[in-house]
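1. Okay, predicted coordinates and the sequence, questions at the end:
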Amino acid sequence: MLEINNLKVSTNGKLILNGISLSFSDKKVYAIMGPNGSGKTTLAYSIMGHPDYRVEEGKIFLNGEDITQLQPHERAKKGMFLGFQNPVEIQGLPVLSFLKATYTSVKNSNVSTYVFNKLLKSKLEEVGFGSELLNRNVNEGLSGGERKKLEVIQMYVLEPTHVILDEIDSGLDVDSLESVAKAIKSYHTKYSSSLILVTHYARILRYITPDKVIVISGGRAVAEGGPELADKIDREGYGWLQQVEGS
């Protein structure tokens, strides 16, 4: 289980998360929703230990262990994974070299290139994507959809148990959204203990049904519900939050 206890987080001297407490149980799918600037991405980055996000108060626990002070690579070795909303372009770094180096670090296993390529081939077959991205540099010149597919490929290669995907649906056309969502759903069924989808819109939730929808506003969790809450947001937007927060 992943637990967030009274978390207060600041970045650039501004408090973004204001005492948020959440728990994410094994084998469940969670959707974190909310208007722009509500703290969704800050929550995702804080869980993964991004150095630009300072924990002012509160704790983060993974399977009962306090990981609040662990570095991102230490959290990754414990089975955590964050898929970025805007994956960084790394000029001149081939995808194959990047994936092998990441696998070696997270798994602490210095496999041969032959063994890794064989593993990667099996993962591409499993995820259902082509191999064309392997011949590119990391996100260099890639479209939004290609970048998100590369994030999913990384997930399959590393096999994390606790997956956080920050707006994985942004920048995807209809066909790409369907293929990415299908790959994520398949992965969760086979590998992950918990799946957290941070999203502004409900469209990816048409393909991956969440067990719980959590709405964040003003750095706090202000509403929780089932898939019907995502449907409400899809129909009405976030205007109704003013009544919730004022009550």
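-> Done, it's in.

2. what about S217, distance to V115?
-> Going from S217 to V115 by Cβ to Cβ, to the nearest Å gives 48 Å. Using the backbone N, CA and C atoms, a C-beta is placed for each residue, glycine as well.

3. Equivalent analysis for G79, please.
-> Between G79 and V115 the distance is 22 Å, computed by Cβ to Cβ.

4. Same drill for these two, tell me which one is more crowded.
-> G79 (18 against 11; other Cβ atoms under 10 Å).

5. Report pLDDT for the closest residue in space to the more buried one that isn't next to it in sequence.
-> Nearest residue to G79, sequence neighbours excluded (Cβ to Cβ, 6 or more residues apart in numbering): T161, at 3.9 Å. Looking at T161, its pLDDT is 94.

6. now do M1
-> Looking at M1, its pLDDT stands at 87.

7. just V244 next, same as before
-> 65.

8. Report whether the expected contact of T41 with H200 is present.
-> No. If you go by Cβ atoms under 8 Å, T41 and H200 don't touch, sitting 10.0 Å apart.

9. How about the secondary structure of the residue sitting nearest the centre point of the chain?
-> With distances taken as Cα atoms, centre = their mean, the residue of the chain nearest its centroid is L165 (1.8 Å). Secondary structure assignment for L165 (DSSP: H, G, I helix; E, B strand; the rest coil): strand.

10. what sits against it?
-> For L165, the contacting residues are 82-83, 151, 184, 195-198, by Cβ atoms under 8 Å, 6 or more residues apart in numbering.
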